[in-house]
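K.L.:
My questions concern the predicted model and sequence given below.
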Amino acid sequence: MAVRLTGSESEEQQALFQWATLMTGRYPELELLYHVPNGGARNPATAGRLKAEGVKAGVPDVCLPVPRGIYHGLYIEMKVKPNRPTKDQLHWLELLSRQGHKTAVCYSWKEASALLEKYLALQSGEILE
């Protein structure tokens, strides 16, 4: 990995996307993996414009819009310990789960990549525990 990890969520997520790029030969669906840039510090004018454009607090960081098993897609909220999901993030994960998506909180790029591999290996009708 080219990213030197110092423990930030941003670096873990960058490492995950580097891994995904390297693994697209094995899992072509990873080309569809994307980040939802809802977080981060912004000045009030930019924050107001983004909110008007539809940015919503709590939307998970990473999405793979590929159906597998019983799921319509996969959403991942990236965290590093000791950080925990916010109330808004947990709400979004629950809403997405109710709509048939697999959702998870991952605390490292390695945990997220292992989840992605398990998810992509699911056969029709299978679930992830």
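P.N.:
It's in.
K.L.:
Let me know the outermost residue of the protein.
P.N.:
Within the chain, A45 marks the point farthest from the mean C-alpha position, 26.9 Å out by Cα atoms, centre = their mean.
K.L.:
you'd agree it is in a strand?
P.N.:
No. A45 is assigned helix when assessed by DSSP: H, G, I helix; E, B strand; the rest coil, not a strand.
K.L.:
Quick check: L74 touching D61?
P.N.:
No. Assessed by Cβ atoms under 8 Å, L74 is found out of contact with D61, at 11.8 Å. Heads up, the C-betas are built off the backbone N, CA and C, glycines and all.
K.L.:
The two - which one has more neighbours?
P.N.:
Each of L74 and D61 has its neighbours counted (other Cβ atoms under 10 Å); L74 has more, 27 against 24.
K.L.:
pLDDT value on the residue farthest from the centre of the chain, please?
P.N.:
Per-residue confidence (pLDDT) for A45: 88.
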